[in-house]
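Visitor: the sequence isn't on hand, but the structure is:
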């Protein structure tokens, strides 16, 4: 089982026919007769992949050293008999009560010094040597027992690492943080320089003096905070690697992953860094029911997941069939929404659709979280939707392995996210994703797909590159962005970009430091805006009259005639100061945006940028339809047209419609999806 993309990496895709379909299966919650019924229902729904055993440690090892695998043996055998593959978990997502009672030092400690007790889940710190010892032992027992089982297709290592608790302040965490810092810097002098400890008498004479950033009289050292964020992300992936080493030793040819939580709301972990240790990227994604544009957020998160996956097919490991249980008001999904959600993920690169969970629980915190088999059983709309989705995915087998096409890149960096939202900045209202999401939304509405790329990756093949609030940037990444513009790309850089280096040291000489020469301008002072206030932008060649900017403004000076001023601020004290500029660079261009325009302004600017870059929509279509194209290595292309509107829409495309098996008529009914194998 090797990956066609990387022959040295085990692949899950070779063991599964077509697209994968299923969810988290928790048979330990149910008696034998229900488990047998589950097998028949799984066949009816077309399930071919299940995650098993995620929270089962307390049953597999009810007391220390005493194991009970009988029930799991039966489950694995029954699933294999039904032709269903298993993503088998290491069962380490929550330690059993006996372990936490015997070793309370494994429990997380907050910045305020509060120890988080058992009785919930994820009650351990990844830096605990005791917990790692027991977790690796449990992983080895499971791996040895099932290493040759024919149902085993994938290892599911732990679960949602970083969920609920993303940073740790116990004694062992502090010691691990100091060790990490010593490896990173080599000397205490280098750390003092990086953290700027000459300020506020924060100088350290040895690494032993350092503690994690916690409760303090006022704001903390930003370099320390940034490194602590890096450390916490590293601590989890280092823990993952320790379990992975056992898996590799016992089952070298079985792929492994853990489920990420890539979304617009999750920033604790650097998933681009983590991706190098995954055989396949897996992601959990949940909608916010109160968001009227949740389909656009879903597309954003799916595109970002594809970026983390380097464009390779990925697994949607969890989402919901309908309502969740953890929001203030847990609304069910609208008619057709579950199908649209699922196929949006597929359109944007997923080759697997899975849910939490298979059967809705009768007890526990998530008993009102929807599932594939709801409390009402088969005679429910949710179950009918589940069966319909299974049928739809079976018809999309030709799509498997194809890639999403895009000529637009959005530069994304978790470290820049962490750094840009530290305290003591010009504005607490500035959020890393605001401008990025605004441009992604505008592209989405135009039927243009964007890739998310890390600043260190190769961006040379893109026609349009959006660099939004890239507050912290390395010299190498800034040079790569500059080179892309010179080589012909249209590059837009937004406010609060290029301000500091990777250690949060300000680049001197005027903002936006790293991009000052590329843009042909400098900014002498920031003018952040109060919440609810705005600035008016001049009627120029881009924006319509009355366009407003929010969040940010600044005092920009152009440097020479090569920088065009396309719009200015009109309000005191920045009247006639540039708000939008453009400079020709080599065969490309570099644009600077000094505020966050309103939605009409973003749309007008997007139109100008895509026109200059020669970027066009996937195809022509009515408004309200989401368009994405996937293309196979043999040249076959598949157009996904997802109609989120309450009216029929027209789409210009020729070919066979895979879901219906008929010729595409050019119309996608209200709330429906069409997948066209294009002629």
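Guide: Arrived safely, thanks for sending. All figures in this text were calculated on a predicted structure; none of them were measured in a lab.

Visitor: can you give me the strands for the stretch 101-250 of the chain?
Guide: 152-156 (DSSP state E, counting those that start in this stretch).

Visitor: show me where pLDDT drops low in the stretch 401-550 of the chain?
Guide: The stretch 401-550 of the chain contains no residues with pLDDT under 70.

Visitor: in terms of helices and strands, where is residue 600?
Guide: According to DSSP states H and E, residue 600 maps onto helix 599-613.

Visitor: point out where this structure drops to low pLDDT.
Guide: In the chain, residues with pLDDT under 70: 1-7.

Visitor: roughly how far does the residue most central in space within it sit from residue 491?
Guide: Of all residues in the chain, the one closest to the mean position by CA atoms, centre = their mean is residue 262, 2.1 Å from it. Taking CB to CB, to the nearest Å as the measure, residue 262 falls 25 Å from residue 491. Glycine gets a C-beta too; all of them are placed from N, C-alpha and C.

Visitor: and residue 16, by the same measure?
Guide: Taken as CB to CB, the span from residue 16 to residue 491 is 40 Å.

Visitor: which one's more surrounded, these two?
Guide: Neighbours were counted for residue 16 and for residue 491 using other CB atoms under 10 Å; residue 491 has more, 29 against 20.

Visitor: so that one is in contact with residue 485, correct?
Guide: Yes: counting by CB atoms under 8 Å, residue 491 does reach residue 485; the two are 4.3 Å apart.

Visitor: residue 21: what secondary structure?
Guide: strand (DSSP: H, G, I helix; E, B strand; the rest coil).

Visitor: neighbours around the closest residue to it other than its chain neighbours, how many?
Guide: Excluding the flanking residues, the one nearest residue 21 by CB to CB, 6 or more residues apart in numbering is residue 393, at 5.0 Å. Neighbour count for residue 393, taken as other CB under 10 Å: 25.

Visitor: secondary structure class for residue 393?
Guide: Under three-state DSSP, residue 393 comes out as helix.

Visitor: so it sits against residue 46, correct?
Guide: Yes: Residue 393 lies in contact with residue 46 (CB under 8 Å); the separation is 6.9 Å.

Visitor: now the common contact residues for these two.
Guide: residue 21 (CB atoms under 8 Å, 6 or more residues apart in numbering).

Visitor: could you count how many residues lie near the nearest residue to residue 90 once chain neighbours are set aside?
Guide: Once flanking residues are discounted, residue 90 sits nearest to residue 139: 4.4 Å by CB to CB, 6+ apart. By other CB under 10 Å, 24 other residues sit near residue 139.

Visitor: can you pull the contacts of residue 139?
Guide: Residue 139 touches 90, 92, 157, 243, 246, 247, counting by CB under 8 Å, 6+ apart.

Visitor: including neighbour count and distance to residue 432, could those go into JSON lines?
Guide: Shown next, in JSON lines, are these (neighbours: other CB atoms under 10 Å; distance: CB to CB, whole Å):
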{"residue": "90", "neighbour count": "29", "distance to residue 432": "33"}
{"residue": "92", "neighbour count": "26", "distance to residue 432": "32"}
{"residue": "157", "neighbour count": "29", "distance to residue 432": "28"}
{"residue": "243", "neighbour count": "23", "distance to residue 432": "31"}
{"residue": "246", "neighbour count": "22", "distance to residue 432": "36"}
{"residue": "247", "neighbour count": "22", "distance to residue 432": "34"}
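
Visitor: farthest-separated two in those?
Guide: 92 and 247 (11.7 Å; CB to CB).

Visitor: mutual contacts of those two, please.
Guide: Residues touching both residue 92 and residue 247 by CB under 8 Å, 6+ apart: 139, 157.

Visitor: tell me what the longest helix along the chain is packed against?
Guide: What stands out as the longest helix in the chain, according to DSSP state H, is helix 222-250. Other helices and strands packing on helix 222-250, by 3 or more CB pairs under 8 Å, 6 or more residues apart in numbering; DSSP states H and E, are helix 129-146, helix 171-185, helix 188-195, strand 256-257, helix 271-274, helix 414-420.

Visitor: same thing but at 6 Å, please
Guide: helix 129-146, helix 188-195 (3 or more CB pairs under 6 Å, 6 or more residues apart in numbering; DSSP states H and E).

Visitor: which of those helices sits most buried?
Guide: Across the helices and strands packed on helix 222-250, averaging neighbours per residue (mean count of other CB atoms under 10 Å) puts helix 129-146 on top, at a mean of 19.

Visitor: taking strand 152-156 as reference, get the angle to that helix.
Guide: Computed with axes from the mean of the first three to the mean of the last three CA atoms, to 10 degrees, the direction of helix 129-146 lies at 170 degrees from that of strand 152-156.

Visitor: quick one: helix 129-146 to chain centroid distance?
Guide: With CA atoms, centre = their mean, to the nearest Å as the basis, helix 129-146 stands 28 Å off its chain's centre.

Visitor: what do you get for stretch 247-259?
Guide: For stretch 247-259, the distance to the chain centre is 22 Å (CA atoms, centre = their mean).

Visitor: in it, which residues are buried?
Guide: For stretch 247-259, the neighbour count (16 or more other CB atoms under 10 Å) marks 247, 248, 250, 251, 254, 255, 256, 257, 258, 259 as buried.

Visitor: likewise stretch 30-46?
Guide: Neighbour counts using 16+ other CB under 10 Å place 30, 35, 38, 39, 41, 42, 45, 46 of stretch 30-46 among the buried residues.

Visitor: restricted to strands, list those.
Guide: Taking DSSP state E as the definition of strands, the buried residues of stretch 30-46 contribute nothing to them.

Visitor: can you put those in JSON lines and add distance to residue 673?
Guide: JSON lines is the format used below for the buried residues of stretch 30-46 (distance: CB to CB, whole Å):
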{"residue": "30", "distance to residue 673": "33"}
{"residue": "35", "distance to residue 673": "33"}
{"residue": "38", "distance to residue 673": "28"}
{"residue": "39", "distance to residue 673": "29"}
{"residue": "41", "distance to residue 673": "24"}
{"residue": "42", "distance to residue 673": "23"}
{"residue": "45", "distance to residue 673": "18"}
{"residue": "46", "distance to residue 673": "17"}
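
Visitor: sheet-wise, list the partners of the helix or strand that comes right after the helix holding residue 600 with their directions.
Guide: The first helix or strand that comes after helix 599-613 along the chain, using DSSP H and E, is strand 625-631. Strand 625-631 has the following strand partners under DSSP bridges: strand 403-404 (antiparallel), strand 637-643 (antiparallel).

Visitor: now the strands for the stretch 451-600 of the chain?
Guide: 464-467, 490-494, 521-526, 535-536, 548-550, 554-558, 563-568, 578-585, 588-593, 596-597.
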